[in-house]
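Engineer: Task: produce atomic coordinates for the following.
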Amino acid sequence: MPVIAFANSKGGVGKSTTALALAQVFAKGSSGVTLIDADPNQPLARWAAQDPDRIPDTLAVLPDITEETIVDAIDTAAARNPFVLVDLEGSANVAVSYAIGRADLVIVPMRGSQLDADQAARVIKLVERESKAYRRTIPYVVIYTCTSPALRSRGFRHIDPILAENGIPVLAARWWNGRPSAPSSSSAARSTTSRTTKSTIPAPPSTTPKPWLRPWSPSSMSARQPRM
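Structural biologist: Predicted structure coming up:
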């Protein structure tokens with residue numbers, strides 16, 4: 001069954017919120033969902049404990065997952081439920097690598113800032129290394145969080161074209177103030193629409209090697225930073 005991991009080595013980018021929102025969509029559609037909380041801060045476990053009676057029967061939250069237990073937790077959940085969503089710690093560690101190795105899709109939440117972009121680049125490089133290690137393609141996609149559809153920061157206007165230049169798939173949907181908002185024109189252009197489901201899905205990442213060091217180097221990006 002599909003395993004979706006949410007990863008970014010920077011904290012506070014909306015991994016848990018995005019995972020929870022997607023889990024509730026799946027659960028509302030009567031699909032069994034397991035939310036694996038592999039973040040030491042346990043945000044999803046604390047959310048579930050606040051009002052357990054409101055959690056639908058189709059949604060299960062697994063807390064206290066560590067690098068020693070994460071592989072077994074993912075495999076067991078995947079054998080039981082149609083969807084497994086893994087919320088990972090905001091750092092690069094062994095558990096993150098294990099989860100990416102088990103994932104059918106890695107979603108990389110990020111805000112339109114330079115710091116988020118630098119850490120997202122690290123995660124994407126890790127996904128590509130894990131793909132080589134496991135000898136299979138592990139798809140990934142970026143989703144913008146905390147990004148206003150009306151007020152786009154200078155950092156966002158600089159970063160979004162760089163993602164496009166490197167063929168990085170970006171979800172057309174984005175999160176702003178807890179709600180999905182409209183995509184940018186460049187992000188929407190990098191997605192494809194399924195004729196059967198009529199839902200927007202990311203275009204698969206290109207297998208062509210990407211010149212990561214040029215666009216994602218902090219020094220080179222700073223030099224290209226546009227002025228107000």
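Engineer: Please count neighbours and contacts with C-alpha atoms only from this point.
Structural biologist: Noted.
Engineer: so where's the longest helix in this structure?
Structural biologist: Longest helix of the chain, by residue count under DSSP state H: helix 114-134.
Engineer: The helix or strand following that helix: which residues count as buried?
Structural biologist: As assigned by DSSP states H and E, the chain's next helix or strand after helix 114-134 is strand 140-144. Residues of strand 140-144 classed as buried: 140, 141, 142, 143, 144 (neighbour count, 16 or more other CA atoms under 10 Å).
Engineer: Mind checking what helix or strand follows strand 140-144 in sequence?
Structural biologist: helix 154-165.
Engineer: what's across from the residue sitting nearest the centre point of the chain in the sheet?
Structural biologist: Centrality entry for the chain: nearest residue to the mean C-alpha point is residue 107, 2.2 Å, by CA atoms, centre = their mean. Taking DSSP bridges, one obtains residue 6, residue 141 as the residues bridged to residue 107.
Engineer: Residue 16 belongs to a strand, doesn't it?
Structural biologist: No: Residue 16 is assigned helix when assessed by DSSP: H, G, I helix; E, B strand; the rest coil, not a strand.
Engineer: In contact with it: list those residues for me.
Structural biologist: For residue 16, the contacting residues are 6, 43, 44, 87, by CA atoms under 8 Å, 6 or more residues apart in numbering.
Engineer: Show me which of those is closest to residue 113.
Structural biologist: The closest of the contacts of residue 16 to residue 113 turns out to be residue 6 (CA to CA; 18.3 Å).
Engineer: quick revisit: which residues touch the longest helix of the chain?
Structural biologist: Applying CA under 8 Å, 6+ apart, the set of residues contacting helix 114-134 is 7-10, 13, 92, 97, 100-101, 106, 108-111, 137-138, 140, 155, 159, 216-218.
Engineer: Can you flag the buried ones in those residues?
Structural biologist: Using 16+ other CA under 10 Å, the buried ones in those are 7-10, 13, 92, 97, 100-101, 106, 108-111, 137-138, 140, 155, 159, 216.
Engineer: where does the chain dip in pLDDT?
Structural biologist: 1, 148-152, 173-228 (pLDDT under 70).
Engineer: Tell me which stretches of the protein form helices.
Structural biologist: Under DSSP H, the chain gives helices at 15-28, 43-50, 70-80, 94-102, 114-134, 154-165, 185-189, 213-216, 218-223.
Engineer: I'd like the buried residues of strand 140-144 written out as JSON lines, with distance to residue 38 added.
Structural biologist: JSON lines is the format used below for the buried residues of strand 140-144 (distance: CA to CA, whole Å):
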{"residue": "140", "distance to residue 38": "19"}
{"residue": "141", "distance to residue 38": "20"}
{"residue": "142", "distance to residue 38": "20"}
{"residue": "143", "distance to residue 38": "20"}
{"residue": "144", "distance to residue 38": "22"}
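Engineer: Show me which parts of stretch 19-31 are buried, residue by residue.
Structural biologist: Applying 16+ other CA under 10 Å to stretch 19-31 flags 19, 20, 23, 24, 26, 27, 31 as buried.
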